[in-house]
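Asker: Starting from these lines, generate the structure:
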Amino acid sequence: MQRTPEILTLLLDAQVQFVIIGGVAAVAHGSATFTLDLDIVAPFTEHNFTKLFDALAPYHPRYALAVPKRPVTEPPTELATYQNLYLLTDLGRLDILSTAQPVGTYDDVASKAVSMELYGHPCRIIGLDDLIAIKQHVGRDKDRMVARELLALRDRQAMKPR
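Answerer: Numbers count the residues shown, from 1 in each chain. The predicted structure is shown next:
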């Protein structure tokens, strides 16, 4: 069972640097999308991963794509050399990306992120235009559908009187 609010609370309380992307960001922007994971872009640094894995340790982080789902035992120095981390925890799935193409690195995404309240917490969420660009770039059917929905939401917002 995915418990995204609890994962977010852990990361925020631990002061992990990240920006929410993917389905949760789409929902924050008004999409009716259903998602079974939390996707974030984050700086892949030893310091950030130390905070992240200290926060997740009680929830048994393991590699989501490994067979069998083995625990994450590598030190933060090694994890910082990876491009992406796909984790399962007792609270659900967390996908951590170093880049979000075609937008770019964490710094590129973070520079245009917006602050929104999500599950009672202020969160940094990818900007709507950047999220649309990513969904269009990925090109899976479900992402193209969400991109169309987000484009319609953006158009509707642009038509509202200010």
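
Asker: Would you indicate which residues of stretch 52-69 are buried?
Answerer: 52, 53, 55, 56, 59, 61, 62, 63 (16 or more other C-beta atoms under 10 Å). Where you see a C-beta, it was placed from the backbone N, CA and C, and this is true even at glycine.

Asker: and the end-to-end length of that stretch?
Answerer: End-to-end distance for stretch 52-69: 19 Å, by C-alpha to C-alpha, to the nearest Å.

Asker: Give me the contact list for that stretch.
Answerer: 10-11, 13-14, 16, 42, 70-72, 76, 79, 85-91, 93-96 (C-beta atoms under 8 Å, 6 or more residues apart in numbering).

Asker: From the residues you listed, keep the buried residues only.
Answerer: 10-11, 16, 42, 72, 76, 79, 85, 87-89, 91, 93-96.

Asker: one step back: ok, which pair from the buried residues of stretch 52-69 is furthest apart?
Answerer: Spanning the widest gap among the buried residues of stretch 52-69 are 55 and 63, at 17.5 Å by C-beta to C-beta.

Asker: How is the residue nearest to the spatial centre of the chain assigned, secondary-structure-wise?
Answerer: Central residue check for the chain by C-alpha atoms, centre = their mean: the C-alpha nearest the mean position is that of residue 40, 2.0 Å away. Secondary structure assignment for residue 40 (DSSP: H, G, I helix; E, B strand; the rest coil): strand.

Asker: now the strands: where do they sit in this protein?
Answerer: Per DSSP state E, the chain carries strands over the ranges 19-21, 38-41, 62-63, 84-89, 92-97, 99-100, 104-105, 114-118, 121-125.

Asker: quick one: average pLDDT of the third one?
Answerer: Okay, so that is strand 62-63. The average pLDDT for strand 62-63 rounds to 98.

Asker: got it, and the second one?
Answerer: Averaging pLDDT along strand 38-41 gives 98.

Asker: For that strand, name the packing helices and strands.
Answerer: helix 4-13, strand 19-21, helix 22-28, strand 92-97, helix 106-111 (3 or more C-beta pairs under 8 Å, 6 or more residues apart in numbering; DSSP states H and E).

Asker: again, 10 Å this time
Answerer: helix 4-13, strand 19-21, helix 22-28, strand 84-89, strand 92-97, strand 99-100, helix 106-111, strand 121-125 (3 or more C-beta pairs under 10 Å, 6 or more residues apart in numbering; DSSP states H and E).

Asker: Check the first one too.
Answerer: With contacts defined as 3+ C-beta pairs under 10 Å, 6+ apart, strand 19-21 has these neighbours: helix 4-13, helix 22-28, strand 38-41, strand 92-97, helix 106-111, strand 114-118, strand 121-125, helix 128-138.
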